[in-house]
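Chemist: I would like the atomic coordinates for the input below:
(one chain, ligands or ions: 1)
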Amino acid sequence: MRNQITFDYSRAEAFISPEEISIMSRQALDAMDVLLGRRGVGKDCLGWIDLPKNYDPEEFARIRKAAARIRKNSEVLLVMGIGGSYLGARAAIEFLGHSFANVVERNTRRAPEIYFCGNSISSTYLKHLMDVVGDRDFSINMISKSGTTTEPAIAFRVFKEILEKKYGKKGAARRIYATTDKEKGTLRQMADQEGYETFVMPEDVGGRFSVLTPAGLLPVAVSGADIDTLMRGAVCARERALKNAFMDNGALQYAAVRNIFLRRGRSVEIMCNYEPGVHYICEWWKQLFGESEGKNHKGLLPVSADLTTDLHSMGQFIQDGSRVMFETVINIEKPREEIVIGREPQDLDGLNYLAGKTVDFVNKSAMEAAILAHTDGQVPNLMVHVPEVNEFYLGELFYFFEFACAISAYMLGVNPFNQPALDHYKKNMCALLGKPGYEERREELMKRL
Ligand code: PA5
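Modeler: Prediction:
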C-alpha cells in the first residue's frame with residue numbers, strides 16, 4: 001500500500017499530447033514561482049501556504065482544551081457557518097467519523113452529536129434542529145471571518161436565545177465559541193463584549209483556504225479526530241508541493257492537466273467518489289475551485305458525483321452526453337470496514353458468484369468498470385489515490401487541493417483569493433431586507449420585481 005496520497009493522470013494520457021504536458025508544466029512551474037515569490041495577485045492572502053508549519057501553538061492548545069470542554073459538557077455541538085466557514089469542518093468530520101455518527105450510541109461516537117446550521121436560511125431546518133437539540137446540553141461554535149454573514153448570523157441569534165434561556169447570559173457565554181477575525185467584524189465585537197472564547201481566522205487566509213485554521217480545527221477536534229496528525233499530513237503534502245520537480249509533483253501535474261483540458265474545450269470537471277464519507281470533500285473542493293477560478297468569465301465548472309449512486313442518474317450523460325467534461329476520482333484504496341458476501345444455499349438472487357468476495361471488491365470493480373466505460377466514451381480520467389481514511393491522508397488531501405487550486409488559478413490568469421461576484425447577491429439581499437444603507441439599491445430592485 002502507498003504511504004501518501006498520489007495523483008495519477010495515466011488514463012488521461014490518450015487525450016493529451018506530451019507537448020501539451022511539456023508546455024503546461026512550464027506554466028505550472030512559472031505559476032509556482034509567482035505564488036511562492038509572493039508576486040501574484042492576491043498576495044496578501046497566502047497565509048495558508050505555510051499554515052501547516054506556522055500555526056500558533058498557543059491557540060492550537062486552546063483549541064484542544066475547548067474541544068475537551070465541549071466534549072465533556074455538551075451532548076450536542078452546533079457549528080454555524082457557511083462556505084469556507086463550514087465546508088472544511090464538515091468534510092473532515094464526515095470523512096473521518098462514523099457514517100451515522102449522530103445516531104449511533106455515544107460509546108461508539110465518543111463525542112457530542114455535531115450538527116451544522118447557518119449554511120442556509122431555512123426556517124424549517126432551524127426548527128427541526130431545535131427539535132433534535134431538545135432540552136439537552138449544547139454548545140455553539142459560531143464561525144464567520146467577516147462576522148457579518150447573514151445565514152450564520154440568523155442561526156446564531158435563534159440558538160443564542162435558546163442557550164441564554166437555558167443557562168442564563170453568563171452560562172450561555174461560556175458555551176459559545178466564536179471563530180472570527182482578530183479585530184474586525186460584528187462577531188468579534190459581540191464576542192469581546194459578551195466574553196465568548198474566541199479563535200482567530202488569520203487575516204491572510206481566505207475562507208475556502210481556512211480548513212486548517214480554527215475554523216476547521218475546533219469542530220474537528222470536538223469530533224474526536226486527531227488534529228495534530230491532520231496537520232502532519234498537510235506538512236508532508238506541503239513539502240512535496242513546494243520542493244518536488246514536476247514529474248514527482250502531483251499538485252502541479254493536476255493543475256497543468258486540468259488547464260490542458262480547459263483549453264481543449266472541456267470546461268467541466270466532475271469530482272467523483274465511491275464512498276459516501278467523501279461526499280463533503282467533494283463539496284469542499286467545489287467551493288475551493290469554483291470560487292477561486294470562476295471569474296472574468298473564465299474557469300472550469302466544478303461539479304461532483306457520488307458513485308455508484310449517481311451512475312444511475314448521471315451515468316447516461318457522463319457516458320454519452322455532450323463531451324464537455326473530464327472526471328477526477330478520489331479513490332479510497334482501503335475501506336474503513338469490510339464485509340464479506342455470504343453464500344446462500346439457494347441462489348435466489350443470483351449473487352453466489354460473489355460469495356467470499358468483499359463488498360469493497362465489488363465497489364472497486366464498479367469503479368474500474370465505470371472508468372473504462374467513461375474513457376471509452378471519451379471522458380478522460382484523473383485519479384487521486386488515498387491509501388486509507390485517516391487524519392494524515394486527509395491533511396495531505398486538503399493541502400494538495402489548495403496548492404493545486406492556487407497554481408491552476410494563476411495559470412488561468414485570475415486571482416484565486418477573492419470572490420467579488422459574491423457581493424452582488426449579498427447586496428441585493430440586504431436591499432430587499434430593508435437593511436439601513438441600502439435604500440437606493442432597494443428602490444431600483446423593487447422596480448424590477
Ligand atoms: O471562501 C470564502 O471566502 C467564502 O465562501 C466565505 O467563507 C463565506 O462567504 C463565509 O464568509 P464568512 O466567513 O465571512 O462568514
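Chemist: make it CA atoms for all contacts and neighbour counts henceforth
Modeler: Noted.
Chemist: In three-state terms, label F326 for me.
Modeler: strand (DSSP: H, G, I helix; E, B strand; the rest coil).
Chemist: I figured G147 hits T186, correct?
Modeler: Yes: the pair G147 / T186 is scored as a contact, 5.1 Å apart, by CA atoms under 8 Å.
Chemist: Neighbour count for the two, which is higher?
Modeler: With neighbours defined as other CA atoms under 10 Å, G147 and T186 compare such that G147 has more, 22 against 18.
Chemist: distance of that one from the ligand?
Modeler: 6 Å (CA to the nearest ligand atom, to the nearest Å).
Chemist: now do V324
Modeler: When V324 is compared with the ligand (using CA to the nearest ligand atom), they lie 26 Å apart.
Chemist: go on, L187?
Modeler: For L187, the distance to the ligand - CA to the nearest ligand atom - is 10 Å.
Chemist: That residue and T180: what is the separation?
Modeler: In this structure, L187 and T180 are 7 Å apart, going by CA to CA, to the nearest Å.
Chemist: Dump stretch 274-284 to PDB, restricted to CA.
Modeler: C-alpha atoms of stretch 274-284 as PDB (Å, rounded to 0.1, in the frame of the first residue of the first chain):
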ATOM      1  CA  TYR A 274     -17.200   5.800  -4.400                       C
ATOM      2  CA  GLU A 275     -17.500   6.400  -0.700                       C
ATOM      3  CA  PRO A 276     -20.400   8.400   0.900                       C
ATOM      4  CA  GLY A 277     -17.900   9.700   3.500                       C
ATOM      5  CA  VAL A 278     -16.100  11.600   0.700                       C
ATOM      6  CA  HIS A 279     -19.300  13.500  -0.300                       C
ATOM      7  CA  TYR A 280     -18.400  16.600   1.600                       C
ATOM      8  CA  ILE A 281     -14.800  16.600   0.500                       C
ATOM      9  CA  CYS A 282     -16.200  17.000  -3.000                       C
ATOM     10  CA  GLU A 283     -18.500  19.800  -1.700                       C
ATOM     11  CA  TRP A 284     -15.400  21.500  -0.200                       C
END
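Chemist: Surely V386 is in a strand?
Modeler: Yes: per three-state DSSP, V386 lies within a strand segment.
Chemist: what's near enough to touch it?
Modeler: Contacts of V386 were listed using CA atoms under 8 Å, 6 or more residues apart in numbering, and they are Q4, I5, T6, I330, N331, I332, E333, Y393.
Chemist: In helices only, show me those residues.
Modeler: With DSSP state H as the criterion, helices contain Y393 from among the contacts of V386.
Chemist: Just the buried subset of the contacts of V386, please.
Modeler: Q4, I5, T6, I330, N331, I332, Y393 (16 or more other CA atoms under 10 Å).
Chemist: mind checking which helix or strand the nearest residue to the last one once chain neighbours are set aside is in?
Modeler: Going back to what we said before, that points to Y393. Closest residue to Y393 apart from its sequence neighbours, by CA to CA, 6 or more residues apart in numbering: G233 at 5.8 Å. Assigned by DSSP states H and E, G233 belongs to helix 227-243.
Chemist: model confidence over that helix, on average?
Modeler: Mean pLDDT, computed over helix 227-243, is 98.
Chemist: contact partners of that helix?
Modeler: 49, 52-53, 212, 217, 220-221, 248-252, 391-400, 403.
Chemist: What residues does the chain have near the ligand?
Modeler: I82, G83, G84, S85, S144, K145, S146, G147, T149, G206, G207, R208 (CA under 6 Å from any ligand atom).
Chemist: Now with 5 Å, please.
Modeler: Listed as neighbours of the ligand in the chain under the rule CA under 5 Å from any ligand atom: I82, G83, G84, S85, S144, K145, S146, T149, G207, R208.
Chemist: longest single helix anywhere in the chain?
Modeler: helix 150-173.
Chemist: Pairing partners for the very next helix or strand once past that one, with directions?
Modeler: Sequence-wise, the next helix or strand downstream of helix 150-173 (DSSP H and E) is strand 176-180. If you go by DSSP bridges, strand 176-180 pairs up with strand 138-143 (parallel), strand 197-200 (parallel).
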